[in-house]
Structures are given as C-alpha cells and as structure tokens.
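Asks: here is the input, now give the coordinates:
(2 chains)
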Amino acid sequence: AQSVTQLGSHVSVSEGALVLLRCNYSSSVPPYLFWYVQYPNQGLQLLLKYTTGATLVKGINGFEAEFKKSETSFHLTKPSAHMSDAAEYFCAVSRSLVGGYQKVTFGTGTKLQVIP
Amino acid sequence: DTAVSQTPKYLVTQMGNDKSIKCEQNLGHDTMYWYKQDSKKFLKIMFSYNNKELIINETVPNRFSPKSPDKAHLNLHINSLELGDSAVYFCASSQDWETVAGELFFGEGSRLTVL
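Replies: Modelled structure (predicted):
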C-alpha cells in the first residue's frame, strides 16, 4: 500500500522567510510524488512532481522539492514566502495498480499561513 | 474557458433528499474522477471513469451513483442524503488512466451541506 504523511497540519512563517513543508511517503515500489496547492474556495492545482531522474524538482511560484529515497521524504521548500503563498498544500503519491490504472493518494494537507 | 467546471458550486438540502452534481471538462481528457474532501480537508477518491467506463470504485455507499454520458462529462447523483455526506466534492480529470505521473486537473468544488 502507498501513503503519504504530512508533518504539521498548520505552518506559520513570516513574509520573506523560508517555507518548509514536510512530506514522507511509504511505497513498496518507486513512487511518483506530487505537491498540489489549494487556494481558498478553489480546486487543487499541481505545483510540481517527481517521476524519475533529477531528485531536485522545480515547480511553479518559486517552489521546489527534493526526493530523498534514503529518508523516504519529498519536502517542499521556497526560499522566501510571499503573502500570496497562503494556502493549503497537499503531498500526493501515485502508482499503477493491477489493471494498469493509476491511483493517487493524498496526504492530509498542511495549511500555510504567511504573517506580514 | 474553465477547464473543469462543476455545478452547482453550493448545495444546501435536507436529510433524505436526492441531489446531483454535474461536471464537464473541455481538456479532451479520457479520465475523470470524483473526490470527496471532508471538513478536515482530507481528500479521498470516490470514483474514476475512463472514456465512460468505471475503473475505480472505492468503498462508497450505494446511495452514490456516478454517470458518464460521454468522456467529457461525469455526474454524481446522491440518494437519501445523510448528515455525513456534507463535504466538498471535487471533480477532476487526467489525460488518461495509464499515465502514472499524470497531472490531475480539478474543478472548483461543489460544497454540499446536509441539514
């Protein structure tokens, strides 16, 4: 079975400070990992994803994440928080199941608050 | 044009009623999904359709019945609504069901409140 654990349901940072949102995964096979962002009253949108190759993945809005197999982690970072980054962030893992279809499992989300 | 659109955006109804939520995508994708997001923001897949065929059916009460008239539309009908059905229901689509790292495109959600 695959799952993701997001450490910290709420994270607060000051504007301009480093953003670090933690995600650990468990998967019996090499995982495909994602970060999605959900702004208030909106659907989720993809920030970035890791499939294979380079372990440091860059996404939209200045976010990046590093896949660390030894730590089973895929933490999301941004060097300098902006007020517009305030949102809910979801880590997700995907893999193929019997029959070939993909199943995406989401973490419980981390709400990022940016303090002026 | 909105890529994945859902209607209605808000739905308030009494226990025992039947209601439907509609979803349409104009991305040309083959696969569509319904997700349920509860009050704690936990997001769980309910159903997935590929080109009008059901491919994922998670443990969901029989009161929930999805229907896909064509690959661009996926509707969700709920019978005998219960308090626990109150949630935000998201429709999503992806290019196909075989691309393991395929991006999901979400609608804005339909907030259902059962009184």
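Asks: how near is the nearest residue to residue A:83 once chain neighbours are set aside to residue A:36?
Replies: Of all residues not flanking residue A:83 in the chain, residue A:114 sits nearest, at 5.2 Å (CB to CB, 6 or more residues apart in numbering or on different chains). Just so you know, the C-beta spots here come from the backbone N, C-alpha and C atoms, and that holds for glycine as well. Noted for residue A:114: a distance of 18 Å to residue A:36, by CB to CB, to the nearest Å.
Asks: so between the two, which is more surrounded?
Replies: More neighbours surround residue A:36 than the other of residue A:114 and residue A:36, with 25 against 19 (other CB atoms under 10 Å in any protein chain shown).
Asks: contacting residues around residue B:7?
Replies: Applying CB atoms under 8 Å, 6 or more residues apart in numbering or on different chains to residue B:7 gives the contacts B:21-22, B:110.
Asks: let's have those in CSV, adding neighbour count and pLDDT.
Replies: Formatted as CSV, those follow (neighbours: other CB atoms under 10 Å in any protein chain shown; pLDDT from 0 to 100):
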residue, neighbour count, pLDDT
B:21, 23, 98
B:22, 16, 97
B:110, 23, 96
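Asks: ok, what's across the strand from residue A:37?
Replies: residue A:45, residue A:89 (DSSP bridges).
Asks: what pLDDT does the model give it?
Replies: What the model reports for residue A:37 is a pLDDT of 96.
Asks: so it sits right up against residue A:87, yeah?
Replies: Yes. Contact between residue A:37 and residue A:87 holds when scored by CB atoms under 8 Å: they sit 5.1 Å apart.
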